[in-house]
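> Next input, structure requested:
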Amino acid sequence: MAVEQGPGAGQQADAGGRDRVRALVAPDRLREFFAPRSIALVGASETSGWARLAVLASTLTGFTGPLIPIHPRHETAFGRPVVRSLRDLAAEPPDLAFIMVPTHAVETVIDDAAAAGVRNVVVLASGYREVGPGGHDLEGKLVAQAAAAGITMLGPNCLGFINVTTGAAPFGLTVPLPLTAGPVGVALQSGALTSVVLGFARSHAIGISSLTSVGNEAMIGIADMIEYLVDDENTKVICLFLEQIGDPAAFARAAARADAAGKPIVALKAGSTEAGQKAALAHTGSVAGDDAVVDAVLRQLNVIRVRSLEELMITSAMLGYSRVPGGRRMGVVTASGGACDIIADRSSELGIEIPDFAPQTAAAISEHLPPFASARNPLDVTGYVLANAATSFLNAMDYALDATLKDPGLDFVLYGGVNPPEAAPPDELMAQAMEQRMAWISERIATSPIPVLPINPTTVDVGPHAREVLSRHNLHVYNGIDLGLAAVDSALRWQGSRGTIPAELLQRPLPDGDLTEAEPWSEAEARSMVAARGVPVVPGELVTSADEAADAAQRLGLPVALKIVSAQITHKSDIGGVALGLAAAQDVRAAYEKVRAAGAWVAGATVDGVLVTPMRSGGTELLAGVTLDPTFGPVLAVGLGGVWVEILKDIRLRALPVGAAEVRRMLEELRGIDLLRGARGSQPADLDAIAEVIAKIGDAALSLNGTLRALEVNPLWVNGDQVEALDVLIATGPDGKSGTELGA
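This next block holds a predicted model:
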């Protein structure tokens, strides 16, 4: 039931209408919305599948408030008396109406709700924005109608929500039991996936604070859900399934609030599409695809992006139930040598360290191991833990855990010893020992100086007895080595990035008009523009004759390069408009005639002349370019440049603005960073100097305001502390040069 996300219908109204909608979705209003004490089921009858599911959901979640069926033709439904209309309610109005009527009847029900004093509604019906322009207009009228009446609306085209803490469940799908209250707040741009998420949470004993299907987001959007969950005291981590980010600025503001509040956001973003830059003239447009931009923006907003529903839930659970480690040094305590091998391999891939135990730690562990076992990290206590009768309710894994928690060289411990039986122990003595051990583990984890992360090797379901034992002792086990360690890595990256979200990110409005309309500048104009903003540009002279070219070459210093200068010719080498390595005056004259003649073959091209620049050899060529993403605005791309950019695709992206420190991080993320650090004896580059120059390139792009279409420096030549733009391309929308200072 997902739809393409764009500006919500409520955002298309006048300023007064937008203000009314904002007030209706503010966190304090949403706290009321998601905790109704009474619910009217409008359109409820025993022949309605939606109504049966909504009644069943409320029963299964233990909702104790009034559940009032509303239907114009029935006398009773689900053992309750039916009221003909919301207008006919004798008592005070219900806190929320779950509207299950056909699309054509929704408007009438909203009028009834307004007359009855109902403040909150969920609209199940589809046939709105998701069906095209006619539905878009219908949705706009629905939002305006609800906002004018002071009604907060979820939907349309949504399945409702479940508030596990309060038991309120105006929800149109089956609720798998047991439904456990817990720290994970879920919001999805999907209806059917709500059941999948609930089923996985049930199987893995993951507690949910609330779960919401947002539908078309006509009034309550994903950003509003983040704001609500940030304020919700029962939610510790925010779990999202996204298909689109329709209001990037609101999303960024909400993500910044979550970051400041210490509430991680974990998102599964699906529905990636091709880049929308059909007329992009720079290489950047071909590598900065939509999904890559989304990935970069989510990283900047410190939103953890995952790749599967399983990873979404396991990562959310880890951040909800456990303390985040303060570093990447991990101790491992298991009863399996094979598990140790898998953990070591996966940890190495993720950059999680497994250091040697301190001598005192190894000595303390050795006291409880058989002679054939070694007290090494990762630790395998061997099958000895099972094969030998215990003299205490604790075993060798538990004593090893106790020792590792005191190790000064560890930041956290991965512990494989929380494994309650699937069925109750056969005798009272064993049951008592199991309870004592679980209580000891729970207390040890709660008071440990470093986090303890209990883990199972595979993603096994948690049975009813094990679930009850874990719940009683406030324990949670992460299922699966791969997913568990990926969650640890995500938690560490989230912790390390807190407080780094740029205040201005995504606050710039997108330009009006057709983004595919782009007017290229001549390179002379482009060079002058970036140079005026502090970008070092290779020296050059624009000439219009072979003799002028030879004279310029002598002044600039041989050897030189020649390039045709024309706004209509953006890829000069493709037409023979570039000559390189010219070391003699006669070569320069001949090359001038050849390069100038190449422009005659391009229909409609106006040739300004030929640019003469000194050759630059050695060093490393980078790309630094900015294009305009239709959703997120100006996006900076940094990577290995020259002719290799589209082949190697070693590119890192950030939405603008970014400072030099963030650009430095982009450089360090490149797979080819060793080329800049002095690989194979080459001169190391000044990464700080490069970062400063690239940040100025980003600022130059932003100075074009709403006219920017593309600005690219490729190559950006780097040799030690020398940084120069060798080739500059700029394209803007209509009137892009008006008011722009081209001179230095």
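> So what sits opposite Ile39 in the bridge?
Assessed by DSSP bridges, Ile39 has beta-bridge partners Leu67, Leu96.
> Check whether it really touches Ala168, as I assumed.
Yes. Distance between Ile39 and Ala168: 6.9 Å, which falls inside the contact criterion (Cβ atoms under 8 Å). From N, CA and C alone the C-beta is placed, and that goes for glycine too.
> between those two, who's got more neighbours?
When Ile39 and Ala168 are compared on other Cβ atoms under 10 Å, the one with more neighbours turns out to be Ala168, at 28 against 24.
> does that one really touch Thr61, like I thought?
Yes. Counting by Cβ under 8 Å, Ala168 sits close enough to Thr61 to count as a contact (7.4 Å).
> Residues in contact with both of those two, list them for me.
Counting by Cβ atoms under 8 Å, 6 or more residues apart in numbering, the common neighbours of Ala168 and Thr61 are Ile162.
> which regions of the stretch 451-600 of the chain sit below the pLDDT cut-off?
Applying pLDDT under 70 to the stretch 451-600 of the chain flags residues 509-514.
> Do a quick rundown of the helices in it.
Using DSSP state H, counting those that start in this stretch, the helices of the stretch 451-600 of the chain run over residues 464-472, 481-497, 523-531, 546-556, 585-598.
> mean confidence score for the helix or strand following the last one?
Towards the C-terminus, the helix or strand next in line after helix 585-598, according to DSSP states H and E, is strand 607-614. Strand 607-614 shows a mean pLDDT of 96 in the predicted model.
> Repeat that for stretch 270-283.
Stretch 270-283 shows a mean pLDDT of 43.
> cool, stretch 730-744 as well?
Averaged across stretch 730-744, pLDDT comes to 64.
> Next: stretch 28-37.
Here stretch 28-37 scores 97 as its mean pLDDT.
> Could you tell me how many residues sit around the residue nearest to Gly417 when sequence neighbours are not counted?
Nearest in space to Gly417, with sequence neighbours left out and distances taken as Cβ to Cβ, 6 or more residues apart in numbering, is Met397 at 3.9 Å. Met397: 21 surrounding residues under other Cβ under 10 Å.
> how near is Met397 to Gly140?
According to Cβ to Cβ, to the nearest Å, Met397 stands 61 Å off from Gly140.
> go on, Asp28?
26 Å.
> Looking at these two, which is more packed in?
Regarding Asp28 and Gly140, a neighbour count based on other Cβ under 10 Å identifies Gly140 as having more, with 20 against 10.
> any idea how far the helix or strand where that one lies is from the chain center?
Here Gly140, judged by DSSP H and E, is contained in helix 133-148. Relative to its parent chain, helix 133-148 has a centroid offset of 30 Å by Cα atoms, centre = their mean, to the nearest Å.
> And for stretch 476-495?
Here stretch 476-495 shows a centroid-to-chain-centroid distance of 16 Å under the convention Cα atoms, centre = their mean.
> Next: stretch 530-550.
With Cα atoms, centre = their mean, you get 43 Å for stretch 530-550.
> cool, and stretch 431-449?
Its chain's C-alpha centre and that of stretch 431-449 lie 36 Å apart, by Cα atoms, centre = their mean.
> Run through who's touching that stretch.
Counting by Cβ under 8 Å, 6+ apart, the neighbours of stretch 431-449 from elsewhere in the structure are 390, 393-395, 398, 401-402, 405-406, 413, 417-418, 420-421, 424-425, 452, 454, 469, 472-475.
> CA atoms of stretch 494-509 as PDB?
Listed in PDB are the C-alpha atoms of stretch 494-509, where the atom choice follows Å, rounded to 0.1, in the frame of the first residue of the first chain:
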ATOM      1  CA  TRP A 494      26.300   5.700  15.000                       C
ATOM      2  CA  GLN A 495      28.000   6.500  18.300                       C
ATOM      3  CA  GLY A 496      31.100   7.900  16.600                       C
ATOM      4  CA  SER A 497      29.000  10.200  14.300                       C
ATOM      5  CA  ARG A 498      26.800  11.700  17.000                       C
ATOM      6  CA  GLY A 499      26.700  15.500  17.000                       C
ATOM      7  CA  THR A 500      28.100  15.900  13.500                       C
ATOM      8  CA  ILE A 501      24.900  16.700  11.500                       C
ATOM      9  CA  PRO A 502      25.400  20.000   9.700                       C
ATOM     10  CA  ALA A 503      22.800  22.500  10.800                       C
ATOM     11  CA  GLU A 504      22.200  23.800   7.200                       C
ATOM     12  CA  LEU A 505      21.900  20.300   5.700                       C
ATOM     13  CA  LEU A 506      19.000  20.100   3.200                       C
ATOM     14  CA  GLN A 507      17.700  23.500   4.200                       C
ATOM     15  CA  ARG A 508      18.100  25.000   0.800                       C
ATOM     16  CA  PRO A 509      15.000  25.000  -1.400                       C
END
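> Which positions within it qualify as buried?
Buried residues in stretch 494-509, counted by 16 or more other Cβ atoms under 10 Å: Trp494, Gln495, Ser497, Ile501, Pro502, Leu505, Leu506, Arg508.
> ok, now which ones touch the closest residue in space to Gly720 that isn't next to it in sequence?
Leaving out its chain neighbours, the residue that sits closest to Gly720 by Cβ to Cβ, 6+ apart is Gln683, at 4.5 Å. Gln683 makes contact with Gly619, Asn719, Gly720, according to Cβ under 8 Å, 6+ apart.
> Gln683 and Gly618, how far apart?
Gln683 sits 8 Å away from Gly618 when distances are taken as Cβ to Cβ.
> Give the intersection of the neighbour lists for these two.
Overlap between the neighbourhoods of Gln683 and Gly618 consists of Asn719, taking contacts as Cβ under 8 Å, 6+ apart.
> out of the helices of the stretch 451-600 of the chain, nearest to Thr613?
Between Thr613 and the helices of the stretch 451-600 of the chain, the shortest gap by Cβ to Cβ is with helix 546-556, which sits at 6.8 Å.
> quick one: low-confidence parts of this structure?
The model of the chain has pLDDT under 70 over residues 1-16, 271-289, 383-391, 509-514, 642-646, 680-681, 736-744.
> Outline the domain layout of it.
Following the assignment in automatic domain parsing, the chain carries domains at 9-271+303-320, 323-475, 539-614, 620-732.
> so can I have JSON lines of those showing distance to Ala526?
Formatted as JSON lines, the domains of the chain follow (distance: least, Cβ to Cβ, whole Å):
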{"stretch": "domain 9-271+303-320", "distance to Ala526": "28"}
{"stretch": "domain 323-475", "distance to Ala526": "40"}
{"stretch": "domain 539-614", "distance to Ala526": "9"}
{"stretch": "domain 620-732", "distance to Ala526": "4"}
